[in-house]
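Q: what follows is a protein structure lacking sequence information:
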C-alpha cells in the first residue's frame, strides 16, 4: 500500500472515530455491560478484578520526537506496575521480555505464544514454533526458548487453573490469516473459572481480514472469556461488530489508544462473553516518563465478577 493511500485511510478512520470518541480518557461509573435490567441477586458477593491490555511494540518507543526508538523493558514495567492490575494482557511482546516483566511487576504466573521470530516483518511462514510457554510462580513448565520470538502473553497475580494431570489450563488459538500475511492468534489462560486472553488481530486498513478474525475470535474462544484485544479496527467498526456477535466491549467509552503520541484511533479494548459490572475504565499513561514506551497506549478496566 502506497504512502498517500495509507495516510488517506488513516485520516478516514480518524474522522469516523470522532463520532465515537468520548470527551475524557477515563470513565468511572458502576454499570453492568450487557445487563438484562434485572437487579443483582441479594447477598451475591462479587470479586473485583483489574485488567490491563497493552500492545508494547517489543517495549520500543517510536521515533517522532516525543518517543526515542529505544527498547526499554523497565519503562514498560514501571507503567504496568503503576496500573496495579491483577491480569496483564500483552501484544507484540518478545519472549525474552515476558519473564523480565513478570518478575519486575510481581506477576508470577505467565504464558507466552509466539507469532513470529523477533522481527515482526518476517513472513508468517517462517514462524519457528506454535507451542506456548507458561510459568507458574517462577517455575517454567517448558524449557526456555533459544530464539527470541515476538507474540502475545498473559501475566497474572492469580494462579492458573489446572487440569486433572496438574498442567496449567492454557489454550493458544491461531486465527486464520490471508495468504502471505503475518500470523495472528489469541492465547487464553483459565483463572478462577474464567478464561483470560490476549489477542492480536491483523493490521488491515480495509478492515476486511481483521473483521473476519473478530468473528473467529468471538465464536471459537473458550467461555466464559475476558480478552484484551489489539483489534487494528476503529471503534466505529469494532463496537457494532462485536455487539452483533453477542460479545461486550467493556472499554467502549475510553479514549483513543493509537498512535500513542497523537491518539486518533481506539484499537485496544477488553471483550467479555458475559455480562459484567464495570467499575471504571481508562486509557493513557500513569508514569511521568516524557517518552512513551510503545506506539500504543495501555487500557485498564476494573470489573466486579460474580462467582462461577
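A: Perfect, thanks for sending it. Keep in mind that what you see is a predicted model, and the values were worked out from it rather than measured. Residues are numbered from 1 along each chain as shown.
Q: spatially central residue in the chain, please.
A: residue 228 (3.2 Å; Cα atoms, centre = their mean).
Q: got a list of what it touches?
A: 51-54, 89, 91, 197-199, 268-270, 299 (Cβ atoms under 8 Å, 6 or more residues apart in numbering). C-beta coordinates here come from the backbone N, C-alpha and C atoms, glycine included.
Q: which residues in the stretch 151-300 of the chain form strands?
A: 170-175, 184-191, 194-200, 225-230, 248-249, 268-272, 276-283, 299-305 (DSSP state E, counting those that start in this stretch).
Q: for the second one, which strands pair with it and how are they oriented?
A: In other words, strand 184-191. Paired strands of strand 184-191, with direction, are strand 170-175 (antiparallel), strand 194-200 (antiparallel) (DSSP bridges).
Q: tell me which of those lies nearest to residue 59.
A: Checking the strands paired with strand 184-191 against residue 59 by Cβ to Cβ gives strand 194-200 as the closest, at 15.4 Å.
Q: burial count for the closest residue to residue 116 other than its chain neighbours?
A: In this structure, residue 116 finds its nearest non-sequential neighbour in residue 150, 4.7 Å apart by Cβ to Cβ, 6 or more residues apart in numbering. Per other Cβ atoms under 10 Å, the neighbour tally for residue 150 reads 25.
Q: and whichever strand or helix holds residue 150 with strand 225-230, angle?
A: In this structure, residue 150 sits in strand 149-156 according to DSSP states H and E. Strand 149-156 and strand 225-230 are oriented at 140 degrees to each other (axes from the mean of the first three to the mean of the last three Cα atoms, to 10 degrees).
Q: what packs against strand 149-156?
A: Applying 3 or more Cβ pairs under 8 Å, 6 or more residues apart in numbering; DSSP states H and E, one finds that strand 149-156 makes contact with strand 87-94, helix 95-104, strand 109-117, strand 184-191, strand 194-200.
Q: quick one: strands adjacent to that strand?
A: By DSSP bridges, strand 149-156 pairs with strand 87-94 (antiparallel), strand 109-117 (antiparallel).
Q: out of the ones you listed, nearest to residue 250?
A: Of all those, strand 87-94 comes closest under Cβ to Cβ, at 12.3 Å.
Q: what bits of this structure have low per-residue confidence?
A: By pLDDT under 70, the weakly predicted segments of the chain are 1-44, 62-68, 117-131, 138-146, 290, 307-308.
Q: redo that, cut-off 80
A: Scanning the chain for pLDDT under 80 picks out the ranges 1-45, 61-69, 117-147, 205, 287-292, 306-308.
Q: show me the contacts for residue 289.
A: By Cβ under 8 Å, 6+ apart, the neighbours of residue 289 are 75, 78-79.
Q: could you dump those residues into JSON lines and include distance to residue 252?
A: JSON lines is the format used below for those (distance: Cβ to Cβ, whole Å):
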{"residue": "75", "distance to residue 252": "29"}
{"residue": "78", "distance to residue 252": "28"}
{"residue": "79", "distance to residue 252": "23"}
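Q: inside strands: which ones of those?
A: Assigned to strands by DSSP state E, none of these qualify.
Q: in stretch 246-264, which residues are buried?
A: 247-260, 263-264 (16 or more other Cβ atoms under 10 Å).
Q: repeat that for stretch 194-214.
A: For stretch 194-214, by 16+ other Cβ under 10 Å, it's 194-202, 204-205, 207, 209-214.
Q: got the end-to-end distance for that stretch?
A: 20 Å (Cα to Cα, to the nearest Å).
Q: next one: that stretch to chain centre, how far?
A: 10 Å (Cα atoms, centre = their mean, to the nearest Å).
Q: ditto for stretch 186-193
A: 13 Å.
Q: check stretch 182-197 too.
A: 10 Å.
Q: repeat for stretch 154-165
A: Worked out by Cα atoms, centre = their mean, stretch 154-165 lies 18 Å from the chain centre.
Q: pull out the buried residues from stretch 79-96.
A: So for stretch 79-96, counting by 16+ other Cβ under 10 Å, buried means 79-83, 85-96.
Q: then stretch 270-290?
A: 270-274, 276-279, 281-285, 289.
Q: which pair in those residues has the greatest spatial separation?
A: 274 and 289 (36.2 Å).
Q: okay, now the nearest residue to residue 96 once chain neighbours are set aside: neighbour count?
A: The shortest distance from residue 96 to any non-neighbouring residue, by Cβ to Cβ, 6+ apart, is to residue 148 (4.9 Å). Neighbourhood size, residue 148 [other Cβ under 10 Å]: 14.
Q: quick one: end-to-end distance for stretch 175-193.
A: 23 Å.
Q: give the buried residues for that stretch.
A: 175, 177, 182-191.
Q: what would those residues look like in CSV with distance to residue 47?
A: CSV is the format used below for these (distance: Cβ to Cβ, whole Å):
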residue, distance to residue 47
175, 30
177, 36
182, 37
183, 35
184, 31
185, 28
186, 24
187, 23
188, 19
189, 17
190, 15
191, 11
